[in-house]
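need a 3D model of the sequence below.
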Amino acid sequence: MKDKTHIWLVIVAVISLIMIFVLFRSEYYIVSEHNGRLLFAWAVNKGERFEVEFIHSLNLSPIVDVFEFADDGMVLRKSMFSALGAGTPTPADFPGSELIHSDGMFKLIGIDKPMEAFSILTSDVPDHRVSFGEREARLLELVASGRSVTIEVRRMSLAKRLIRTL
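Numbering: from 1, shown residues only. Here you go, the predicted model:
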């Protein structure tokens, strides 16, 4: 009887250790929050890229900003748009960047601006979407128009993700 009890204690201890490791192991995530509530969290590895797409409020053309996870944070690498005009980025905004035109798009490349986080004010006109691989989040489906959403890359455990989602 003692042998069975001993085996069960070992099994419970091993399962507990595995659960603790899984729940509290930290990974990096692309995180979106509104008022402290987690909207989404997607695991990301160094070198992977994600995009924020929206409609320019003046010329009503699409803009895509490309970010890369690097060294514990994110870096704005490039911005792509179909029309130039007021409010679109230029090389003067990001010294060292270059504006090229290819495939019917203007591309401001070499921006390489490190960012800890950025906020997006949701609205029907920009209609912001965040995409990473096959995943996409339309911010207006997650919060009402006129709300501020923060995007950042952060280290989080599964336990923290579960608690912040509630």
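
where's the residue nearest in space to the middle of the chain, which helix or strand?
Geometric centre of the chain, nearest residue: Ile30, 3.3 Å, by Cα atoms, centre = their mean. Using DSSP states H and E, Ile30 maps to strand 26-34.

for that strand, which strands pair with it and how are they oriented?
According to DSSP bridges, strand 26-34 forms sheet pairs with strand 37-43 (antiparallel), strand 148-157 (antiparallel).

residue boundaries of the strands in the protein?
26-34, 37-43, 49-55, 62-70, 73-81, 98-102, 105-109, 113-115, 117-121, 129-132, 135-138, 148-157 (DSSP state E).

in the fifth one, what counts as buried?
So that's strand 73-81. Neighbour counts over strand 73-81 (16 or more other Cβ atoms under 10 Å) mark Gly73, Met74, Val75, Leu76, Arg77, Lys78, Ser79, Met80, Phe81 as buried. C-beta here means a position set from N, CA and C on the backbone, and glycine is covered the same way.

between those residues, which is closest to Lys107?
Met80 (5.0 Å; Cβ to Cβ).

identify the residue nearest the closest one in space, chain neighbours excluded?
The shortest distance from Met80 to any non-neighbouring residue, by Cβ to Cβ, 6 or more residues apart in numbering, is to Val64 (4.6 Å).

so where's this protein shaky on pLDDT?
Low-confidence segments of the chain, defined by pLDDT under 70: 1-2, 16-26, 157-166.
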